[in-house]
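> Sharing a sequence plus its predicted fold:
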Amino acid sequence: MGHKIAIVGAGAVGAYAGAHMARAGEDVTFIDPWPANVETMKAHGLTVSHFRDVPEWTTKVRALHLTELQQISKQKPFDIAFVCMKSYDTEWATAMIAQYLAPAGFVVSLQNCMNEAAIAGVVGWGKVVGCVASSITVDLCEPGHVRRAAGKSGDKHTVFRAGEVHGRITERVREVERLAALADSALVTTNLLGERWSKLVTNAMANGMSACTGLISKDILRNDTLRRFGARLGSEAIRVGQALGYELEDIHHLDPEVIARAGEGDAAATRQYDAHRLDEVTTGGGGEHRPSMGQDMVKGRRTEIEFINGFIVRQGETIGLPAQANAALTDIVRRVERGELQADPKHLTDLRLN
């Protein structure tokens with residue numbers, strides 16, 4: 001459709017989605033702060049590989065380092081800017097790209113967490129669209145190479161959900177759906193914030209646990225104590241989201257009530273939850289990946305713990321609903337991140353919560 005597209009942050013999700021757009025012939029520019037990543041993309045393109053079913057491929061791309069972005073002032077501005085940075089970099093990244101947006105241009109949050117308000121604080125609500133990437137399991141394994149710990153989800157699971165904050169279906173959100181669908185299955189949602197909170201619950205149940213234990217997903221799920229602590233995390237997050245008025249979608253392909261009741265100790269719900277989560281690790285490649293926060297910890301990067309579990313805690317405090325397990329996990333992850341503790345499952349298996 002002739003749109004000029006910016007991918008702000010060529011990390012795992014940005015590189016994966018953007019590479020498919022570039023391969024399909026879209027006018028895409030990648031903007032990234034990691035020099036090695038930019039130089040590799042310039043010299044060799046972007047490589048995409050999958051755990052199964054999809055052959056590895058490489059596509060030529062246009063890539064700019066942050067310091068080179070100013071050259072866009074002499075060129076056609078961007079119509080669509082996908083912000084794919086970590087949540088703590090949202091505001092400055094949005095302010096940076098906003099200077100190079102066309103008058104009718106808009107910003108898409110293709111990130112974890114709930115960053116639409118932060119983006120709107122820079123460009124205004126009228127220029128904000130959201131796109132949730134659910135169970136995409138990608139990592140930037142080396143400069144210029146993004147790897148997915150699965151094949152394509154296709155009709156088995158809808159990966160991308162694009163929506164307007166106000167819930168109406170617009171031409172621009174249909175375009176975001178089209179672009180996302182170049183990478184994998186996509187739909188337009190009228191429940192963006194409910195989708196966002198549901199994804200937040202998913203991240204809250206896994207990311208911080210991987211970061212502070214050092215384990216990949218399947219090893220967390222196979223441990224009874226850790227798996228059920230995940231249910232406790234999810235239960236608190238679900239109850240906070242419900243109290244805030246969000247309409248939650250399925251989480252881990254389960255009714256949120258099943259997870260909430262399992263985390264609250266309901267025996268029947270716990271059996272259903274355990275059976276479903278354990279079944280995930282018996283399927284081909286299931287749970288073989290390290291969640292994004294676990295990847296950050298391994299790479300020595302700052303985590304998003306304050307924007308996931310910490311955010312749930314703060315939102316719960318505003319309505320008088322404590323999230324004790326999420327608060328405990330947030331504290332442990334911060335201590336591991338600062339080097340006060342080494343990653344170890346005992347941080348959680350030895351944890352006692354009333």
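Now that the structure is in, tell me what you want to look at.

> Next, count neighbours for L66.
Other residues near L66 number 15, with proximity taken as other CB atoms under 10 Å. (C-beta placed from N, C-alpha, C; glycine too.)

> Help me confirm that it comes into contact with I97.
No: here L66 does not reach I97: they are 10.2 Å apart, not a contact under CB atoms under 8 Å.

> what's the overlap in contacts for these two?
For the pair L66 and I97, residues contacting each of them under the criterion CB atoms under 8 Å, 6 or more residues apart in numbering are I31.

> show me where the stretch 1-150 of the chain has helices.
Assigned by DSSP state H, counting those that start in this stretch, the stretch 1-150 of the chain shows helices spanning 12-23, 35-44, 90-98, 116-123.

> To L226, which of the ones you listed lies closest?
In this view, these are compared for proximity to L226 by CB to CB, and helix 12-23 is the closest at 23.7 Å.

> Now do that closest one: distance to the chain's middle.
How far helix 12-23 lies from its chain's middle: 14 Å, per CA atoms, centre = their mean, to the nearest Å.

> Alpha carbons only: can I get that helix in PDB?
Taking C-alpha atoms only, helix 12-23 is exported to PDB below (Å, rounded to 0.1, in the frame of the first residue of the first chain):
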ATOM      1  CA  ALA A  12      13.700 -10.400  18.800                       C
ATOM      2  CA  VAL A  13      10.100  -9.400  17.900                       C
ATOM      3  CA  GLY A  14      11.000  -6.300  15.800                       C
ATOM      4  CA  ALA A  15      13.500  -8.200  13.800                       C
ATOM      5  CA  TYR A  16      11.200 -11.200  13.300                       C
ATOM      6  CA  ALA A  17       8.100  -9.200  12.200                       C
ATOM      7  CA  GLY A  18      10.100  -6.600  10.200                       C
ATOM      8  CA  ALA A  19      12.200  -9.200   8.400                       C
ATOM      9  CA  HIS A  20       9.000 -10.800   7.000                       C
ATOM     10  CA  MET A  21       7.700  -7.300   5.900                       C
ATOM     11  CA  ALA A  22      11.000  -6.600   4.200                       C
ATOM     12  CA  ARG A  23      11.000 -10.000   2.500                       C
END
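
> neighbouring contacts of that helix?
Judged by CB under 8 Å, 6+ apart, the contacts made with helix 12-23 from elsewhere in the structure are 5, 7-8, 10, 28, 30, 32, 46, 48, 57, 59-62, 82, 84, 110-111, 133, 136, 138-140, 146, 148, 160, 179-180, 182-183, 292, 295.

> which of those residues count as buried?
Burial by neighbour count, judged by 16 or more other CB atoms under 10 Å, picks out 5, 7-8, 10, 28, 30, 32, 46, 48, 59, 61, 82, 84, 110-111, 133, 136, 138-140, 146, 148, 160, 179-180, 182-183, 292, 295 from the contacts of helix 12-23.

> Can you pull out the low-pLDDT segments for the stretch 1-150 of the chain?
Low-confidence segments of the stretch 1-150 of the chain (pLDDT under 70): 1.

> how about the strands of it, start to end?
Applying DSSP state E, counting those that start in this stretch to the stretch 1-150 of the chain gives strands spanning 4-8, 27-32, 46-50, 57-59, 62-65, 78-83, 101-109, 128-133, 138-142, 145-148.

> now these in TSV, with distance to F229?
Formatted as TSV, the strands of the stretch 1-150 of the chain follow (distance: least, CB to CB, whole Å):
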stretch	distance to F229
strand 4-8	35
strand 27-32	35
strand 46-50	30
strand 57-59	39
strand 62-65	41
strand 78-83	32
strand 101-109	29
strand 128-133	25
strand 138-142	24
strand 145-148	27
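
> Of those strands, which is nearest V188?
With distances scored as CB to CB, the stretch of the strands of the stretch 1-150 of the chain nearest to V188 is strand 128-133 (10.1 Å).

> rewinding a little: of all the strands of the stretch 1-150 of the chain, which lies closest to G263?
Judged by CB to CB, the one of the strands of the stretch 1-150 of the chain that comes nearest to G263 is strand 128-133, at 22.4 Å.
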